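> after the sequence you'll find the predicted model.
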Amino acid sequence: MVYSAGSDGSQFYEHSALEMFARLTYQRLATTFRKIQLQNRVVMPDTFNVELGRRIRAARKGKLTQAALGDRVSLSRTAITNIECGRQRLLVDQLVDIAAALGVHASDLLPSTKHEKVASMGELPIGQMPTVQRWLTSVKKTPVRRRA
């Protein structure tokens, strides 16, 4: 028999060795499964932040290293890398600081919001999505019921 304390330490529970082995094995499997899920998850690209990061990288190239830019705006080199790859979002004051450090206006770094760019990244405007189109069609065909 194996004894374990309760979460508050006031009670002791009696377990068979097999039950304890099963619990530990389950916990290890669940942890491993969670790690695999996190490694294999598919993240849809945030097109705005990807384009913003691309513009920051283009403005930085030839002027500053990621580390030097990070020092000027009080961010780590890793944070600058993540921003340039579109994995990390920026606060407005950080965008202004980065633009000043690069010697450009903040509005020059902002991407346009044209639908052509969204569609080129594999996403459709909401009105062109097949599911939305089917729903709109079904709503149009549904007769309107009037109350008497």
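That came in fine, so what should we check first?
> please, where are all the strands along the chain?
Here the chain has its strands, by DSSP state E, at 2-5, 12-15.
> quick check: domain ranges of the chain?
What automatic domain parsing lists as the domains of the chain is 2-40, 47-109.
> could I get those domains in TSV, plus columns for mean pLDDT and mean neighbour count?
Using the backbone N, CA and C atoms, a C-beta is placed for each residue, glycine as well. Output for the domains of the chain, formatted as TSV (pLDDT from 0 to 100; neighbours: other C-beta atoms under 10 Å):
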stretch	mean pLDDT	mean neighbour count
domain 2-40	64	10
domain 47-109	93	16
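> could those domains go into CSV alongside distance to residue 133?
Output for the domains of the chain, formatted as CSV (distance: least, C-beta to C-beta, whole Å):
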stretch, distance to residue 133
domain 2-40, 31
domain 47-109, 22
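> so which of the ones you listed is nearest residue 137?
domain 47-109 (27.8 Å; C-beta to C-beta).
> need the distance between the two termini of that closest one.
14 Å (C-alpha to C-alpha, to the nearest Å).
> okay, helices next: where are they in this protein?
All helices of the chain, identified by DSSP state H, fall at 17-40, 47-60, 66-73, 77-85, 92-102, 106-109, 115-120, 130-141.
> other SSEs contacting the shortest one?
Applying 3 or more C-beta pairs under 8 Å, 6 or more residues apart in numbering; DSSP states H and E, we find helix 106-109 packed against helix 47-60, helix 92-102.
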